[in-house]
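Q: Starting from these lines, generate the structure:
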Amino acid sequence: MACKTYFIYRQIVLALMILLSVNVWGERVDSLLTIFKVNAEAEVAVELFKVYQESGVVERVPSFSRSTPSDSLRKEVWYWSGEYYYSQQRYEQAVSYAQMALPLLRAGRDKNAEADCLNLLAISYIRLSDYDEAAVYAKQCYALDKASGDNDRISSSLNTLTGIYIASRQPRVAERYVVKALSLVDEKRNPQRKAVLLGMASEVYHALGNDQLSLNYADEAYRLETNLGRQGAANVRLSQKASALIGLKRYQEAQKILQVIIPSLGACGNKQSQGISCNKMGQALQEQGHMAEAVAYYRQAAVIFQQLGDNYNELHALRGLYESLWDANPDSAKFYLNRFNLLKDSVYSHTTAKNLARFTAEFDTDEIKSERAEEAQAKRRAIVIGFVTALGLLALTIGIWYSMRRRNRQQNMINQQLCADIHELNEKYRELEVYYNRALVTQDEAGDGGQELTAADRELLERIVSVINDQINSGQVDAGTVADSLNMSLFQFRQRLTSLTGETPQSFIQIVRMRRARYLLDHNPELTISQVGVMCAYNDTPNFTRAFKKTFGLTPSQYQEKQGKSTK
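A: Numbers count the residues shown, from 1 in each chain. Now for the predicted structure:
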């Protein structure tokens, strides 16, 4: 009973504490976090996330309950509190809560959540101008993102690395990272990430002195942000565009842009970008000789960055102040110059330069190892693919060879059978063939000059036709072979045959083959077209069909059909 009473009392006290917490975003979060550190209860966590939802840090409030483990509550609260404070540009608090969340996230083994926390630490340390710490966390984040294989996450961590090297005045190294990041990001899948990277590329090329390229990147980033309806982010891209315009000495264009966006950035609470834009406005005015107006903007920027603890951007404001005041007010100029020198030593220490150089060397070594591993894997993959392809080609070659061999064997069997058929037909129709040969000679008696043949000419012509038929029976016939059989040279044979018939040897051979084909079709209807073709020295039926149609105007099938109709 006593335990139950204590629990009820505790819940009442907790509810009163929540109700009494200040209802302004920042102060309410501070108050609720103080309560949560003492009582890590689900009710307090829910109230915190309601504020984070109202401020746009999270999309929805998690469903915490009294049964949710305290470590799970702390993990979520500490991490998202870090994100909240970063959004409010309170970077030291962001670092504090992210460091509290990191061991809990590592224990939970959610590598993506761990990488997000590491990235939050890295970008927070960039804002605090602690590039050593920023690089340590950025490298760990990149290692996890690369292991995930998610190009979108890899491009995000590369973007953070780019920011570190721009801030540490090493734009050539920064260029390598941002170029690689842009090659990985998919605009259709994540246009917001592409816009951020294009904006970062604009800053890199401005630092490298390539302001036309910087301007192109800024314009493209602005287009994407506008299409996404992100007006606050679009103003940041306009600020980056102004930097490029100043580098191109188009000061008045830059000034017009900055006059619009400086109050807008302040109204939406983006003090960081407002301060950066004030520095740029001071630079544009200074370049045009408007020193007094430039001083006002530089002072506004210096105050903003002092409040944010951003030493890097405060340096730019202090340098602008002492340069703009040097002629008009030397004493004030020296004051700002002394402050500039003190701050510069803390931001750009020799140790920081050495550490960043070491980090770059380590990063490059890791990248080279990774690239070599990828190359080795690609080579192994290529070898395997090549081996499999070779096996496939070998199998295909064997298959084709076997198929052709089988087809040739079948064709030889068909030819042998047809030859046997031809021999049988020759024996059976020997008298008809003699009659046919004589008829053929008689039809060609007129010759080229219309004169009748002598007995010797008739005998020679009968011998020629007989030799051609013998050659047809063997399956191959040509003018040279016929000439050799007649003990003539090819020239003599051509002259003699042309004088007798008016035909060349080739055309006369074709006449004999075609008349033989027609004779077989007329007297042997049981033969197939293929058999008739082979018996006329055509091993290929389509070639036989084309030759027959060219001679008689009909295919063999059409000729058979016509002859069949005429006999009925």
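
Q: what's the closest non-adjacent residue to Y217?
A: Nearest in space to Y217, with sequence neighbours left out and distances taken as C-beta to C-beta, 6 or more residues apart in numbering, is S202 at 3.9 Å. (Each C-beta comes from the backbone N, C-alpha and C, glycine too.)

Q: tell me which element that neighbour falls in.
A: Element membership for S202, per DSSP states H and E: helix 191-207.

Q: what's next to that helix, contact-wise?
A: 152, 155-156, 159, 162-163, 166, 169, 171, 174-175, 178-179, 181-182, 185-187, 211, 213-215, 217-218, 220-221, 224-225, 227-228, 230, 233, 236-237, 240-241, 243-244, 247 (C-beta atoms under 8 Å, 6 or more residues apart in numbering).

Q: Please narrow these to those residing in helices.
A: Of those, the ones assigned to helices by DSSP state H are 152, 155-156, 159, 162-163, 166, 171, 174-175, 178-179, 181-182, 211, 213-215, 217-218, 220-221, 224-225, 227, 233, 236-237, 240-241, 243-244, 247.

Q: Now the buried members of those residues.
A: 155-156, 159, 162-163, 166, 171, 174-175, 178, 181-182, 211, 213-215, 217-218, 220-221, 224-225, 233, 236-237, 240-241, 243-244, 247 (16 or more other C-beta atoms under 10 Å).

Q: any idea which helix or strand carries the residue lying closest to A302 once chain neighbours are set aside?
A: Among residues not flanking A302 along the chain, A317 sits closest, at 3.9 Å (C-beta to C-beta, 6+ apart). Using DSSP H and E, A317 falls within helix 311-325.

Q: so how far is L460 from S507?
A: Separation of S507 from L460 (C-beta to C-beta, to the nearest Å): 18 Å.

Q: Neighbour count: those two, which is higher?
A: Between S507 and L460, counted using other C-beta atoms under 10 Å, L460 has the larger neighbour count: 17 against 12.

Q: That one: what secondary structure?
A: helix (DSSP: H, G, I helix; E, B strand; the rest coil).

Q: tally of neighbours for Q492?
A: Counted with other C-beta under 10 Å, Q492 comes out at 12.

Q: close enough to count as contact, it and A483?
A: Yes: contact criterion C-beta atoms under 8 Å: Q492 and A483 qualify, at 7.3 Å.

Q: before we move on, the earlier item: and the next helix or strand past the helix holding A317?
A: Going down the chain from helix 311-325, the next helix or strand is helix 330-347, by DSSP H and E.

Q: roughly how far apart are the residue lying farthest from the centre of the chain and F508?
A: Within the chain, the residue lying farthest from the chain centre (C-alpha atoms, centre = their mean) is A455, at 86.4 Å. A455 is 20 Å from F508, where distance means C-beta to C-beta.

Q: same deal with S273?
A: With distances taken as C-beta to C-beta, S273 is found 99 Å from F508.

Q: next one: G502
A: 9 Å.

Q: Also N524?
A: To F508, N524 is 24 Å away according to C-beta to C-beta.

Q: if you count what's nearby, which of the two comes out ahead?
A: Neighbours were counted for N524 and for F508 using other C-beta under 10 Å; F508 has more, 23 against 15.

Q: Can you classify that one as helix, strand or coil?
A: What three-state DSSP gives for F508 is helix.

Q: what sits against it?
A: I464, I468, L497, T501.

Q: what ranges do the strands span in the stretch 451-568 of the chain?
A: Listed in chain order, the stretch 451-568 of the chain contains no strands at all (DSSP state E, counting those that start in this stretch).

Q: what residue ranges in it score low on pLDDT?
A: When residues are selected by pLDDT under 70, those of the stretch 451-568 of the chain lie in 451-452, 565-568.

Q: so what secondary structure elements neighbour the one helix or strand A45 maps to?
A: According to DSSP H and E, A45 maps onto helix 42-54. The contact analysis (3 or more C-beta pairs under 8 Å, 6 or more residues apart in numbering; DSSP states H and E) places helix 42-54 against helix 2-20, helix 25-38, helix 70-87.

Q: Where does pLDDT dip in the protein?
A: Checking the chain against pLDDT under 70 turns up 1-26, 346-384, 386-387, 403-404, 406-452, 565-568.

Q: domain parsing for it?
A: The chain breaks down into these domains under automatic domain parsing: 364-428, 430-567.

Q: Quick check: the gap between the closest residue to S243 other than its chain neighbours and E175.
A: Excluding its sequence neighbours, the residue lying closest to S243 (C-beta to C-beta, 6+ apart) is H206, at 4.9 Å. According to C-beta to C-beta, H206 and E175 sit 11 Å apart.

Q: Same check on A181?
A: Noted for A181: a distance of 11 Å to E175, by C-beta to C-beta.
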